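Engineer: Show me how the following folds:
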Amino acid sequence: MTDSLRRDFRNLGLPQLKLYNSYGPTEITLSAVKVEVPNTGETSPDNNIPIGKPMPGYSIYILDENQKPVPAGIPGEIVIGGAGVSLGYFNQPDLTAEKFLNDPWAPPEHVKNGWTKMYRTGDKGRITGDGHILFHGRVEGDNQIKLRGIRIELEDIESTILKASNGALSDVVCTVRGERELLVAHATFSPSFSAEAEARSVLLKQLLTQLPLPAYMVPAAIFPLEKMCLTAHLKRDRATIAALPIVDSIEAADDVASDLGEMESQVKGIWQKVLPEELSRGPFTSSTDFFRVGGNSLLLVELQATIRATFDIAIPLVELFEVSTLGKMAIRIQEMSSLSKIDWPAETSPPDASSFAAVAPTPLRSRDMEVILTGITGHLGRHLLPLLLANPAIAKIHCIAVRNPSKLPITSAKLVIHTGDLTTPLLGLSPSTFATLASTADAIIHCAARRSFWEPYRVLRNPNVTSTVAVISLAGARKVPIHFLSSGGIASQVPESAAETFKPSGSGSEGYLSTKWVGEQMLEAANRRFYIPVHVYRTTSSLSKFTEMPEELLADFARTAVAINALPEMRAWSGTFDLVSVNAVAGGIVASVAGKDGEREGQVRFVHFPAIVRMGRVEQMKKFLEREEIKKAGRESFEVVPVIQWLGRMKGAGLGWMVASQDALVKGKIRMRR
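Structural biologist: Numbers count the residues shown, from 1 in each chain. Predicted coordinates:
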């Protein structure tokens, strides 16, 4: 359990709710330790919530590599004794002997009941001064791995393959290869299985399609071994197997040439650019599946970018999942290539006046204002709301298109919540409510958007563009000022129209930026045609190059990283993130909404919030990671997550900064701009 998860429970506002943290592996039956977690705002000791104290009938030991107890505060392996310890692993006597040991410290009442075994969990932990246990992850050298964020027992995969082979295989070892975390298996055949090499190759391929395992646990390939590699103690030598070259194995597995069409050959070439080199040399047929030759969801994003760069088309990820074979993907690329280009003039055309709510054109108020806000649960929305509530000129805030009201950070008599979604007609409002808001609103702040930096325009059009159409229809009858959060990625440093500074591609790549450009152009057209006041806000890149991150930013980043117990994975990234104070942006927008600055009839007002610092990939991150707060919390205990995911979690935990602009590359191919 993390502090951020505990905070989510606290935000439910249920004072009678009791929250418990519990721990226990399957081998000891259920759970061995438990503790009630205080439902308060204080951070836990060492920023790590304990997993508890031993429950009745259990003993907990923290042992070193020699199976000796360590003092309180010193990390070691968590070992559990007592009533719940199981008998062992079914039909695996060697593994049982390794993991289930005699308990030399069993208390007399346990011995009396026959509870004399203890189980080595392979988990690392330590005991605090008050007897609570803190969990620190897995002990190094264990056969449990974390593959792309999911914990996997290699023995589970190995035993499943053996069982599925129906006696054809005598032994299997799974290993993980390279930075792309390629899961492969090596197997030896049973002496009784006397088929020829070709039949053995067919069997191994068939096994991969028949394994009763989730996709992320299925090896990319199974390679035959004449005999299993063993250590001096006659145990399987995983280190040696993990170092075996597998390119030769692939090339020898099947040398039958496959007849591929022209587009299939091109797609094969694209696959070979993104797949692990070890597996990209194998034979390909029309039915070869991307996920059976080393592909995974992360590589699929890279494949999507490569297809976009090669064919100038943008295929949504969900469609690539559905057409994962070579032949189907080639057909889909051909279909997309034949589609007509996006008609940008049609996309940027505002709705007709016939879509406006039929209300009387009553005057707008400068006091006792009613403000409509989208994006209340987003990072900027959470900072806008308290400023709007505190402003004496604003009497009521209508939060619309709210998908999950339980995530709202504040409650107030001024606040009215309207559930809905950006993708639903009228943003989820009923026609009567839509008309009521159109007749009473004095300003609309539209900062909600679906932010995905790798999806094409056609995927993001519905939430990001159709929602702007609805906002114009809401504002049109009374010419309610629209305050629109855009992106500096489509504009120059000069606050002016982006009509000429950004050119969307015909295929709709860079979908997020394209939706913001369309939104701006549509609002400019609505201003010209219907005289609706429009304010466009852009967070932009820094005006100068900064080499130092200010102390206040470093301190806020360190505090928030400790709170979420996570650090960014930066190895696959290059480029920059420009940062601006989220309160500065929110304050500027509220001042414009509640004041009279910029409300010039016949003009669109552009406001820029330039970043004050640029975060690079190496220099500044090094200073951040060397912060005393990070060291004190124990850097090795932090979860490491992709940088975009990390920034999202940081914002959710109250980070006081927002990304004003970004221009980053993943693996040198996937460009993500805002």
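Engineer: Point out the other helices and strands that the helix or strand harbouring Ser337 packs with.
Structural biologist: Using DSSP states H and E, Ser337 sits in helix 326-338. For helix 326-338, the packing partners by 3 or more Cβ pairs under 8 Å, 6 or more residues apart in numbering; DSSP states H and E come out as helix 262-274, helix 297-311, helix 317-322. C-beta coordinates here come from the backbone N, C-alpha and C atoms, glycine included.
Engineer: In the longest one, which residues are buried?
Structural biologist: It refers to helix 297-311. 298-308, 311 (16 or more other Cβ atoms under 10 Å).
Engineer: try the shortest one
Structural biologist: Neighbour-count burial for helix 317-322 flags 317, 320 (criterion: 16+ other Cβ under 10 Å).
Engineer: Figure out how far it is from the centre of its chain.
Structural biologist: In terms of Cα atoms, centre = their mean, to the nearest Å, the centre of helix 317-322 is found 18 Å from the chain centre.
Engineer: ok, back up a step: could you list the buried residues of the helix holding Ser337?
Structural biologist: For helix 326-338, a neighbour-count test (16+ other Cβ under 10 Å) marks 326-333, 336 as buried.
Engineer: and of these, the nearest to Ala413?
Structural biologist: Met336 (51.7 Å; Cβ to Cβ).
Engineer: if we can go back for a sec, make TSV out of the buried residues of helix 326-338 and add distance to Leu384 and pLDDT.
Structural biologist: Formatted as TSV, the buried residues of helix 326-338 follow (distance: Cβ to Cβ, whole Å; pLDDT from 0 to 100):
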residue	distance to Leu384	pLDDT
Leu326	48	90
Gly327	50	89
Lys328	45	90
Met329	43	91
Ala330	47	89
Ile331	47	88
Arg332	41	88
Ile333	42	86
Met336	39	80
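Engineer: For Met522, which residues are in contact?
Structural biologist: 347-350, 465, 468-469, 472 (Cβ atoms under 8 Å, 6 or more residues apart in numbering).
Engineer: per-residue pLDDT, it?
Structural biologist: You'll see Met522 listed with a pLDDT of 97.
Engineer: secondary structure class for it?
Structural biologist: Following DSSP: H, G, I helix; E, B strand; the rest coil, we place Met522 in the helix state.
Engineer: how close does it sit to Arg673?
Structural biologist: Plainly put, Met522 is 21 Å away from Arg673 if you go by Cβ to Cβ, to the nearest Å.
Engineer: before we move on, the earlier item: from the contacts of Met522, which single one is nearest Gln210?
Structural biologist: Closest to Gln210, out of all of the contacts of Met522 and judged by Cβ to Cβ, is Val465, at 45.1 Å.
Engineer: from memory the closest one sits against Glu347, does it?
Structural biologist: Yes - applying Cβ atoms under 8 Å as the test, Val465 and Glu347 come out as touching, 7.0 Å apart.
Engineer: Now do the shared contacts for these two.
Structural biologist: Joint contacts of Val465 and Glu347 (Cβ under 8 Å, 6+ apart) are 518, 522.
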